[in-house]
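Visitor: Here is a sequence together with a model predicted from it:
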Amino acid sequence: MPLLFYWRHDNYVHDLDDGAGYNLNSKYEVLHEVEAGDSVWAFTRVPEGTYVLAAQLVVRARTKNAPGFQYGEYRVWGDLEKSRYFRIEGQENSESLIRRLSPKTKADRLYHSFMGPGSIRRLTEQDHQLLHIASRELLEEPRAQLLPEEELETVLYTGNKKRVKNLVKERSNGLSDTRRRTITREVPGRNRALVERLRTMYDGQCQLCKWNPVNEYGEHLCEGHHIQWLSRGGNDRLDNLMLVCPNHHRAIHRCDAPLDYDDLTLDFGTHHEPVRIDRHLQT
Ligand SMILES: [Zn+2]
Ligand SMILES: [Zn+2]
């Protein structure tokens, strides 16, 4: 079932500033009523008071967040190929469109009916079609383009700030200055130390398949993966990292497999794989 999601403007701005997350969170369970392939239509109210379509996430996975996550327990992830962020500058007011969707909104001020549990609404197929037609002509938001995460993780591990800076500069995607500074100046030094900590903590083993290259080859070959990608707003703390073998790492990125904190599995789309050794994620 498609859904309509009221995205607070400050949260929307924050999302783009940090690297478009392609995911939405809520404390209301209705968010998980959406099925894979369904759309979550997100709209926001700009400070001038008009309403604009912000994104269409075509759902790829549903997960639960780590306990105490500030934006709620439920999360949906958009397919990176099919989902779209719309450019909101210059967009016409969508208030009358939103009022036409079921159930029709009569409140004087539209946002009053989108507070609390009203922030997510179930849509009919007809509503979905209306939104689809209305969004056909919208421009895409260029800032929603992602940095190449695997490349970023690789250069971060070298600890070479210059290489990180070049990568961020070349693939500039409109990250805010603060975020850009964090990724290019602070993360490189910290990241390597964190990956080393994980290697010690897990004796070099992959947390998913327990492969141990240190026993086999005498070398550390497992890599640090950012559970919420750095390029999509994730942080560089230990609890956002896991140690995985290169095969698993490649598969995680290709399949864009998120971690479900409910049962500590990775959702590869085709199947879920459990984290088989955990010494730092669930405390
Ligand atoms: Zn593995
Ligand atoms: Zn990774």
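Guide: In hand now; what should we look at? Ligands and ions are numbered 1, 2, ... in the order given.
Visitor: you'd agree residue 113 is up against residue 107?
Guide: Yes. Contact criterion CB atoms under 8 Å: residue 113 and residue 107 qualify, at 4.4 Å. Just so you know, the C-beta spots here come from the backbone N, C-alpha and C atoms, and that holds for glycine as well.
Visitor: If you count surrounding residues, which of these two has more?
Guide: Set residue 113 next to residue 107 and count neighbours by other CB atoms under 10 Å: residue 113 wins out with 17 against 12.
Visitor: Helix, strand or coil: sort out the more buried one for me.
Guide: helix (DSSP: H, G, I helix; E, B strand; the rest coil).
Visitor: Begin at 872 from now on, thanks
Guide: Let's use 872 as the start, then, which means that last one is residue 984.
Visitor: Distance of it relative to ligand 1?
Guide: 48 Å (CB to the ion, to the nearest Å).
Visitor: dump the residue contacts of the closest residue to ligand 2 within the stretch 972-1121 of the chain.
Guide: Taking CB to the ion, ligand 2 has its nearest neighbour within the stretch 972-1121 of the chain at residue 1096, 3.4 Å off. Contacts of residue 1096 were listed using CB atoms under 8 Å, 6 or more residues apart in numbering, and they are 1024, 1112, 1113, 1114, 1115, 1120, 1123.
Visitor: interface residues of this protein facing ligand 2?
Guide: 1024, 1096 (CB under 5 Å from the ion).
Visitor: for the chain, what's the longest strand?
Guide: strand 922-935 (DSSP state E).
Visitor: Would you agree residue 932 is in contact with residue 1136?
Guide: No. Counting by CB under 8 Å, residue 932 does not reach residue 1136; the two are 10.9 Å apart.
Visitor: of the two, who's got more company?
Guide: residue 932 (21 against 18).
Visitor: count of neighbours near the closest residue to residue 910 other than its chain neighbours?
Guide: Distances taken as CB to CB, 6 or more residues apart in numbering place residue 873 nearest to residue 910, at 4.8 Å, with adjacent residues excluded. By other CB under 10 Å, the residues close to residue 873 number 23.
Visitor: next one: the one 3 residues further on
Guide: Other residues within reach of residue 876 by the criterion other CB under 10 Å amount to 23.
Visitor: ditto for the one 5 residues further on
Guide: For residue 881, the neighbour count with other CB under 10 Å is 10.
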